[in-house]
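# Pasted the sequence and its predicted model underneath.
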Amino acid sequence: MVRAVVFDVGETLIDETRIWTRWAERLGVPALTFMGVLGGCAALDLSHRRAFELVRPDVDVPAELARWAADDPDGLRENFDADDLYPDVRPALAALRAAGLAVVVAGNQPPQARAALEAMDLPVDAIRTSDEWGVQKPEPAFFARVAELAGLPPADIAYVGDRLDNDVLPAADAGMRPVLLRRGPWGYLHAERPEAARATVVDSLHDLVPLLAGP
């Protein structure tokens, strides 16, 4: 019986289109080119960081972020805000809570992401990031922290994400119920792989309410 639902962030709750578009502009390449390279990285099981190296072999991402912050101190840059939420996020999270389930957000995110998410006043019980925990998915320790935060045994927790490697497989190995959300480049690609059979695959967060909350 699922008593808590835990959500990844990027391409699960947050549409990253605007982030990658701003990055493409910053790197001086067409947005379609950069997003195509990102899709290629997803298909080849390469880190998204490889996309930066492919379009700008000399790029130093931390140094570029520092220059970007100096050039545009008040802009969103590599960050997100409430305008980047997928439309189904608020109603689906609210419906899950109304059904009596705990709702938690926990994903691989930089330190500023928690404040950005908290500013959205989402209907959730807790928000945590990998940066503050000092451990990232797919490490087992991350999912141990998720269970600790939820205050429940892993079998009572559903973990929802858009990737097999970071979300579904490690959550399943941790004893949780994995749900693969089929959106974003990784989500569409990974839903076609045999390993997706270890998860429940959904096309919208609205599908979670009948699936996890029950009658």
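It's in. These figures come from a predicted structure and were not determined experimentally.
# Quick one: classify the nearest residue to I127 once chain neighbours are set aside as helix, strand or coil.
Leaving aside its chain neighbours, I127 sits nearest to V105 (4.5 Å; criterion: Cβ to Cβ, 6 or more residues apart in numbering). The way it works is simple: take the backbone N, C-alpha and C, and place the C-beta from them, glycine included. Recorded secondary structure, V105: strand (DSSP: H, G, I helix; E, B strand; the rest coil).
# Where do the domain boundaries of the chain fall?
4-15+81-213, 17-71 (automatic domain parsing).
# Please identify the most buried of these.
Counting by mean count of other Cβ atoms under 10 Å, domain 4-15+81-213 has the highest mean neighbour count of the domains of the chain, with a mean of 19.
# shaky segments in the chain?
Along the chain, the parts satisfying pLDDT under 70 run over 214-215.
# Determine the longest helix present in it.
helix 31-43 (DSSP state H).
# Would you agree A155 falls within a helix?
Yes. Assigned with three-state DSSP, A155 falls within a helix.
# That one and A147, how far apart?
Distance from A155 to A147, counting by Cβ to Cβ, to the nearest Å: 10 Å.
# Can you pull the residues that touch both of these two?
Applying Cβ atoms under 8 Å, 6 or more residues apart in numbering, one finds that A155 and A147 are jointly contacted by M176.
# Tell me who's in contact with the residue lying closest to D81 once chain neighbours are set aside.
Leaving aside its chain neighbours, D81 sits nearest to A116 (6.3 Å; criterion: Cβ to Cβ, 6+ apart). Contacts for A116 (Cβ under 8 Å, 6+ apart) come out as 79-81.
# what's the helix or strand for A116?
helix 112-118 (DSSP states H and E).
# just A51 next, same as before
Assigned by DSSP H and E, A51 belongs to helix 49-55.
# name the helices or strands packed onto that helix?
helix 17-27, helix 31-43 (3 or more Cβ pairs under 8 Å, 6 or more residues apart in numbering; DSSP states H and E).
# Just send those helices back as TSV, with distance to A69 too.
Output for the helices and strands packed on helix 49-55, formatted as TSV (distance: least, Cβ to Cβ, whole Å):
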stretch	distance to A69
helix 17-27	11
helix 31-43	20
